[in-house]
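K.L.:
missing the sequence, but the structure's below:
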């Protein structure tokens, strides 16, 4: 039976989607590699000289989790995948790595917000409990979406790779809890910035920069984009933006942590007294006392 013109159009669309995904994933790998090289000295100084704490473990998982995800996505893009079940399994594995990295990145941002509020016990418990619920809900919905989706490959010779296409609303729903959580963090940080502005009569923009409001805003923007893109473009498009969010949030969270750790080290080496924990606005300064006072529930 001769393939119809409609079938030809579908195959061309799938081929373009796979080509688009491969290009986007190469950009992601390049971007992550460039960022890692730029921070290589600072990163290894931190890894070798800092004490082992729970926050350091979060840092390592958030930082290096995307590596495994990116390796698998490159394999999915460039290796022949005629076995659809194998393709689905690999997609589930790389989604798992991505979700773990994303959860650790958000955990760092959440602890950062708690530090802004002077580690208020109620704020800390509320934020971390909410993060746990959001992570569990989003992960469950995400894997429900993958299991109920169909796997797309190209029948055109020379076109490799595969991706999942969703015909339901589960992908959309799985991103909503994360967006709501990020909006909560932005709101708490913004409220604290406004309070500081009124108390110290400072410049609101400068205070917002010190509070890293724009890091939080970047996460909100990426999550909102991931919700809107599936409504406007093809299935392959939204998969690339999801991967991009994981990589960028990991970079932002770990860069923020590195900045505060090195600031703390410079302050200590200069002999200046560290009077306020809020000077760095980040939990997990590498001492047992600091970790105990900030992370202990």
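P.N.:
Now that the structure is in, tell me what you want to look at. Bear in mind that the values here come from a model prediction, so they are computed numbers and not experimental data.
K.L.:
ends of stretch 38-55, how far apart?
P.N.:
Stretch 38-55 stretches 22 Å from its first residue to its last (CA to CA, to the nearest Å).
K.L.:
buried residues in that stretch?
P.N.:
39, 43, 46, 50, 53, 55 (16 or more other CB atoms under 10 Å). In this view, the C-beta of every residue, glycine as well, is placed from N, C-alpha and C.
K.L.:
does the third one sit in a helix, a strand or a coil?
P.N.:
Three-state secondary structure (criterion: DSSP: H, G, I helix; E, B strand; the rest coil) places residue 46 in helix.
K.L.:
how about it, what does it touch?
P.N.:
59, 258, 261-262 (CB atoms under 8 Å, 6 or more residues apart in numbering).
K.L.:
Need these in JSON lines (columns: pLDDT and neighbour count).
P.N.:
Formatted as JSON lines, those follow (pLDDT from 0 to 100; neighbours: other CB atoms under 10 Å):
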{"residue": "59", "pLDDT": "92", "neighbour count": "25"}
{"residue": "258", "pLDDT": "88", "neighbour count": "17"}
{"residue": "261", "pLDDT": "86", "neighbour count": "23"}
{"residue": "262", "pLDDT": "84", "neighbour count": "13"}
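K.L.:
would you list every one of the strands in the stretch 151-297 of the chain?
P.N.:
If DSSP state E, counting those that start in this stretch is used as the criterion, the strands of the stretch 151-297 of the chain fall at 162-165.
K.L.:
For the longest helix that the chain contains, which helices and strands make contact with it?
P.N.:
Secondary structure assigned by DSSP state H gives helix 235-270 as the longest helix of the chain. Applying 3 or more CB pairs under 8 Å, 6 or more residues apart in numbering; DSSP states H and E, one finds that helix 235-270 contacts helix 5-38, helix 40-49, helix 54-78, helix 84-116, strand 162-165, helix 213-232.
K.L.:
ok, back up a step: need the max-distance pair from the buried residues of stretch 38-55.
P.N.:
Largest separation among these by CB to CB: 39 and 53, giving 19.7 Å.
K.L.:
which one of the helices and strands packed on helix 235-270 lies closest to residue 195?
P.N.:
Minimum separation from residue 195 across these (CB to CB) falls at helix 84-116, 10.0 Å.
K.L.:
list the buried ones in that closest one?
P.N.:
Buried residues in helix 84-116, counted by 16+ other CB under 10 Å: 87-88, 90-91, 94-116.
K.L.:
now the helix or strand following it against helix 235-270, angle please.
P.N.:
As assigned by DSSP states H and E, the chain's next helix or strand after helix 84-116 is helix 121-147. Here the directions of helix 121-147 and helix 235-270 differ by 150 degrees (axes from the mean of the first three to the mean of the last three CA atoms, to 10 degrees).
K.L.:
same question for helix 121-147, mean pLDDT?
P.N.:
Averaging the model's pLDDT scores along helix 121-147 yields 84.
K.L.:
quick one: contacts for the residue nearest to residue 137 when sequence neighbours are not counted?
P.N.:
Nearest residue to residue 137, sequence neighbours excluded (CB to CB, 6 or more residues apart in numbering): residue 177, at 5.0 Å. By CB under 8 Å, 6+ apart, the contact list for residue 177 reads 133-134, 137-138, 141.
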